[in-house]
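Chemist: Pasting the sequence and the predicted model now:
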Amino acid sequence: MRLAKIHTEKKVDGDPTVVCHDDSGPPVKAQTIDELHSLQKKKSAPTTPINGSKSSFSPTISEEELHKQKLQSISASLASLTRETGPKLVKGDPANRKAENGKVTHVKHYHNHAPTLNIKLYEQAIKYETGSFITSTGALATLSGAKTGRSPRDKRVVKDKTTENELWWGKGSPNIEMDEQTFLVNRERAVDYLNSLDKVFVNDQFLNWDPEHRIKVRIVSARAYHSLFMHNMCIRPTPEELESFGTPDFTIYNAGKFPCNRFTHYMTSSTSIDINLDRKEMVILGTQYAGEMKKGLFSLMHYLMPKRQILSLHSGCNLGKDGDVALFFGLSGTGKTTLSTDHNRYLIGDDEHCWSENGVSNIEGGCYAKCIDLSREKEPDIWNAIKFGTVLENIVFDEHTREVDYSDKSVTENTRAAYLIEYIPNAKIPCVGPHPRNVILLACDAFGVLPPVSKLSLAQTMYHFISGYTALVAGTEEGVKEPQATFSACFGAAFIMLHPTKYAAMLAEKMQKHGATGWLVNTGWSGGSYGSGNRLKLAYTRKIIDSIHSGELLNANYTKSEVFGLEIPTEIEGVPSEILDPQNTWSDKKAYTDTLLKLGGLFKKNFEGFVNYQIGEDNQLTEEILAAGPIF
């Protein structure tokens with residue numbers, strides 16, 4: 001069976017951070033499953049010389065034949081195997097104990113013995129899952145199959161009487177509808193497949209480090225790799241908490257090794273990720289990419305938390321030694337992970353958070369970091385976290401030394417590492433903190449017209465939060481240097497369930513109540529657009545962030561910019577004053593003005609989808625937000 005071809009952007013010369021990477025994407029760069037597995041290992045000579053022409057290590061059959069014997073085809077891996085009994089779910093290793101009275105017994109993952117659990121999952125993955133290996137650092141390298149990224153067009157939500165009025169539907173919304181009957185068809189297909197297996201894996205875990213608002217989740221999956229991934233990404237209960245776990249608040253049936261029936265109503269491919277909020281269930285078919293589980297649960301939190309007046313956030317979060325909390329919003333490639341990871345501050349989390357009456361709390365128990373071009377020098381914390389217990393997805397390694405080549409994109413650009421939050425040295429455990437003092441919106445502006453930093457009013461914070469702007473650099477064709485504006489509502493449009501303005505209104509209310517300040521930080525270009533200007537130095541951006549944390553910027557002098565009406569500081573210690581106002585850095589003033597107006601027009605066009613949505617009892621707040629956008 002042949003896999004569909006994909007097209008990816010060429011690497012831009014120079015700084016690898018020019019191209020933004022996301023976890024959504026097309027299939028792998030392989031035409032067959034055999035080719036997929038062959039991409040995973042680099043061919044190299046053994047480090048130990050073998051004397052003589054023949055050796056006990058020499059294969060007796062051709063390498064090609066041996067390779068074929070070890071690999072399963074896609075059709076075989078997706079086949080539904082008929083068994084006399086259903087899966088035997090037991091405590092510990094399924095090989096050592098039979099199900100009691102032929103009945104299914106739930107697995108209990110005793111997380112205070114995490115190394116023991118990890119060893120068993122390692123054993124299961126390496127023994128039964130083709131493409132699973134231990135790397136030189138002890139991490140588990142594995143392949144996610146034909147899908148190496150999320151499939152947002154195949155994600156669906158059941159539309160019923162309740163969700164019809166509550167959720168955001170229509171143009172711009174990530175919520176694609178399906179009916180309950182179709183969900184039940186897919187659910188039965190998934191459950192039937194899982195029941196046909198000799199064994200499945202069950203994780204009982206929590207979301208949200210705030211004990212008052214945590215959610216109990218159960219994940220049933222067919223692969224040991226998926227179980228280890230979720231063990232890392234969710235919050236791990238104690239043995240006592242597991243014994244009293246009870247009925248979960250939400251259940252995932254991950255039968256991703258088996259496809260949906262693409263002729264079923266609403267289906268557009270053999271992949272389907274379905275959420276039923278009324279039944280409190282999620283079904284995965286036709287994709288083995290583990291990120292679907294993580295982001296599916298994040299979507300759930302975007303629905304459940306606002307019902308409790310808790311704001312769910314796609315952000316990084318850290319804590320200063322004086323107790324000041326900062327939230328970092330930003331799309332891929334803006335520096336969210338880099339800037340929220342600060343050795344002088346404690347990491348609360350890198351991706352998903354809640355802001356309740358108690359303060360902020362991390363939703364997850366781990367981190368899911370991009371690995372493309374990872375190096376010890378640039379990201380030492382992530383580098384050192386890739387050790388025993390960590391899951392490495394779709395990376396390429398040397399077949400003899402098992403050392404990973406993080407620059408190799410043979411399988412996909414979306415290589416990932418999933419590791420425990422405890423693997424980060426300065427992580428704050430438990431992952432909670434007081435109310436944020438600063439809300440930092442990051443944009444990699446390749447147009448080069450946004451200031452390196454500007455202080456935002458409350459209405460401006462809402463406007464730019466709803467917009468969720470960054471700019472990608474075109475790299476698909478030779479000579480194309482025109483930036484491409486990208487907007488993602490609330491800096492995470494793919495995961496929100498309600499209308500973006502509802503999250504924005506909650507953010508404004510909490511910022512106003514707790515005295516938080518909004519900031520817009522440009523980590524992109526200065527002195528011209530991409531191709532003529534230069535990327536702002538990371539050292540300057542770090543100085544800017546430090547001045548926000550310290551409170552220095554609150555007392556600075558400001559000037560107002562044209563079009564966007566942004567408050568620009570005139571001086572920051574350690575940052576050249578001439579770069580703070582972008583118009584000073586452009587030699588061609590007319591080109592600057594034209595580009596500024598162009599970007600302002602793109603913002604206006606993007607915001608057209610939100611202008612008719614009323615926030616509150618009247619249109620006053622809506623009008624204030626619109627007035628905070630570009631004016632020309």
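Modeler: Here it is on my side, so go on.

Chemist: In which helix or strand does Thr182 reside?
Modeler: helix 180-195 (DSSP states H and E).

Chemist: Packing partners of that helix?
Modeler: Using 3 or more C-beta pairs under 8 Å, 6 or more residues apart in numbering; DSSP states H and E as the contact test, the elements touching helix 180-195 are strand 155-158, strand 250-255, strand 272-276, strand 281-285. C-beta: built from backbone N, CA, C; applies to glycine.

Chemist: Excluding its own residues, what touches it? List them.
Modeler: Contacts of helix 180-195 with the rest of the structure, by C-beta atoms under 8 Å, 6 or more residues apart in numbering, involve 80, 83, 86-87, 156, 158, 160, 200, 220, 222, 253-255, 257-258, 260-261, 264-267, 272, 274, 276, 278-279, 281, 283-285.

Chemist: ok, 6 Å please
Modeler: Outside helix 180-195, the residues that touch it by C-beta atoms under 6 Å, 6 or more residues apart in numbering are 80, 86, 158, 200, 253, 255, 258, 260, 264-266, 272, 274, 276, 283, 285.

Chemist: average pLDDT across the helix or strand that that helix is followed by?
Modeler: Per DSSP H and E, helix 180-195 leads on to strand 201-207 as the next helix or strand towards the C-terminus. The predicted model gives strand 201-207 an average pLDDT of 97.

Chemist: what do you get for stretch 344-355?
Modeler: What stretch 344-355 shows for mean pLDDT is 96.

Chemist: How about stretch 571-588?
Modeler: Confidence over stretch 571-588, taken as the mean pLDDT, stands at 96.

Chemist: so how far is the first residue of it from its last?
Modeler: 23 Å (C-alpha to C-alpha, to the nearest Å).

Chemist: so how far is that stretch off the chain centroid?
Modeler: Here stretch 571-588 is found 33 Å from its chain centre; the criterion is C-alpha atoms, centre = their mean, to the nearest Å.

Chemist: same deal with stretch 453-468?
Modeler: In terms of C-alpha atoms, centre = their mean, the gap separating the centre of stretch 453-468 from the centre of its chain is 23 Å.

Chemist: outside of it, which residues touch it?
Modeler: Contacts to stretch 453-468, defined as C-beta under 6 Å, 6+ apart, come from residues 441, 487-491, 500, 504, 507-508, 518, 520-521, 544, 566-568, 624-625, 628-629.

Chemist: residues of the helix holding Thr182 that come out buried?
Modeler: Thr182, Phe183, Leu184, Val185, Asn186, Arg187, Arg189, Ala190, Tyr193, Leu194 (16 or more other C-beta atoms under 10 Å).

Chemist: hmm, back to that, make a markdown table out of the helices and strands packed on helix 180-195 and add mean neighbour count and distance to Leu602.
Modeler: Converted to a markdown table, the helices and strands packed on helix 180-195 look like this (neighbours: other C-beta atoms under 10 Å; distance: least, C-beta to C-beta, whole Å):
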| stretch | mean neighbour count | distance to Leu602 |
| --- | --- | --- |
| strand 155-158 | 24 | 27 |
| strand 250-255 | 24 | 38 |
| strand 272-276 | 26 | 31 |
| strand 281-285 | 27 | 35 |
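
Chemist: any low-confidence regions in the stretch 401-550 of the chain?
Modeler: Applying pLDDT under 70 to the stretch 401-550 of the chain flags residues 474-481.

Chemist: mind listing the helices in it by residue range?
Modeler: Using DSSP state H, counting those that start in this stretch, the helices of the stretch 401-550 of the chain run over residues 458-467, 500-514, 538-550.

Chemist: Phe329 reaches Phe491, doesn't it?
Modeler: Yes. Using C-beta atoms under 6 Å, Phe329 makes contact with Phe491 at a distance of 4.3 Å.

Chemist: ok, the two, which is more surrounded?
Modeler: The neighbour count for Phe329 versus Phe491, taken as other C-beta atoms under 10 Å, is higher for Phe491 (27 against 24).

Chemist: Next, the contact list for the more buried one, please.
Modeler: Contact criterion C-beta under 6 Å, 6+ apart gives His314, Phe329, Gly468 as the residues in contact with Phe491.

Chemist: if I read this right, the first one contacts Ala493, doesn't it?
Modeler: No. The pair His314 and Ala493 does not pass the contact test of C-beta under 6 Å, sitting 9.2 Å apart.

Chemist: neighbour-wise, which of those two wins?
Modeler: Set side by side, His314 and Ala493 show more neighbours around His314, with 25 against 19, by other C-beta under 10 Å.

Chemist: where's the more buried one relative to Pro436, distance?
Modeler: 14 Å (C-beta to C-beta, to the nearest Å).

Chemist: circling back to that earlier point, wait, which of the contacts of helix 180-195 is closest to Gly527?
Modeler: Comparing the contacts of helix 180-195 against Gly527 with C-beta to C-beta places Ser272 closest, at 47.5 Å.

Chemist: And stretch 413-422, end to end?
Modeler: For stretch 413-422, the separation between the terminal residues is 26 Å (C-alpha to C-alpha).

Chemist: Kindly report the same for stretch 518-537.
Modeler: 22 Å.

Chemist: Ok, stretch 137-153 next?
Modeler: From its first residue to its last, stretch 137-153 covers 36 Å (C-alpha to C-alpha).

Chemist: which residues touch that stretch?
Modeler: Outside of stretch 137-153, the residues within contact range by C-beta under 6 Å, 6+ apart are 3, 23-25, 27-28, 122, 131-133, 135, 225, 271, 287-289, 291, 386-388, 390-395, 412, 414, 494.

Chemist: what's the offset of it from the middle of its chain?
Modeler: The offset between the C-alpha centroid of stretch 137-153 and the centroid of the whole chain comes to 13 Å, using C-alpha atoms, centre = their mean.

Chemist: How about stretch 207-224?
Modeler: 17 Å.

Chemist: looking at this, Thr559 is in a strand?
Modeler: Yes. Assessed by DSSP: H, G, I helix; E, B strand; the rest coil, Thr559 belongs to a strand.

Chemist: All good on my end, thank you.
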